[in-house]
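Visitor: got a structure for you, letters missing:
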């Protein structure tokens, strides 16, 4: 390959970063600075870098943080877990992932659109504007997998995470071009105080009704409050 072609290819790679935000928990270097970057004041979560904040449905506690470098993508992904537990059993989980551009000369971070695990169990999907930024959101039914390698740091703390169904809402936005934020909030379907079915077919969007619909509507109201309260500036 001629030298000029190699340089052109290198330049093209530097111009564009493609970030696939995945649940990667490698190391724990961010844990030392998690209290500085993200803080919870009552039910208000506040991020300093990048600046954003929103209201939480419940009082959650920080449980784990990590940081993973992606040299080939000129980026770093910081991940933090927050939970609410009842008798050592996790009932709610909030995962925040922040992708940071590490090379100032590289182009803006590019993120893929949100996709559901199963179209039949996806209830809402859309976008809203928050100032100059666009926030993409998605609500669905999914299952926690306690065997997942990414969740083992939590399991090792002695907390119980069952493989039952949970309702999950995702938010994806870029408050600044050098950052991308991916938020996932999930709640166990059995933690609403209502007896509901464990059959996935009873939760499909075309047929959901009865107690299952009541639980979904309660979850939707809570996550709508999160989205409405989202502010992409420091308080």
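Guide: Everything's here; your move. Because the structure is a prediction, the values reported are computed rather than measured. Residues are numbered from 1 along each chain as shown.
Visitor: those helices in the chain, which residues are they?
Guide: 3-15, 34-37, 152-155, 210-229 (DSSP state H).
Visitor: List the buried residues in the third one.
Guide: Within helix 152-155, the residues that qualify as buried are residue 154, counting by 16 or more other Cβ atoms under 10 Å. (Glycine included, C-beta is placed from N, CA and C.)
Visitor: packing partners for it?
Guide: The contact analysis (3 or more Cβ pairs under 8 Å, 6 or more residues apart in numbering; DSSP states H and E) places helix 152-155 against strand 61-70.
Visitor: Can you mark which positions in the strand it packs on are buried?
Guide: Counting neighbours by 16+ other Cβ under 10 Å, one finds that the buried residues in strand 61-70 are 62-68, 70.
Visitor: Just put those in CSV and tack on distance to residue 198.
Guide: Shown next, in CSV, are the buried residues of strand 61-70 (distance: Cβ to Cβ, whole Å):
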residue, distance to residue 198
62, 30
63, 26
64, 28
65, 32
66, 32
67, 36
68, 34
70, 38
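Visitor: And those, which is closest to residue 99?
Guide: Residue 99 lies nearest to residue 70 out of the buried residues of strand 61-70, by Cβ to Cβ, at 8.4 Å.
Visitor: Could you give the bridge partners of that closest one?
Guide: On the basis of DSSP bridges, residue 70 is bridged to residue 75.
Visitor: pLDDT wise, what is the residue lying closest to residue 201 once chain neighbours are set aside at?
Guide: Counting by Cβ to Cβ, 6 or more residues apart in numbering, the nearest residue to residue 201 once its immediate chain neighbours are dropped is residue 207, at 7.3 Å. We have a pLDDT of 94 for residue 207.
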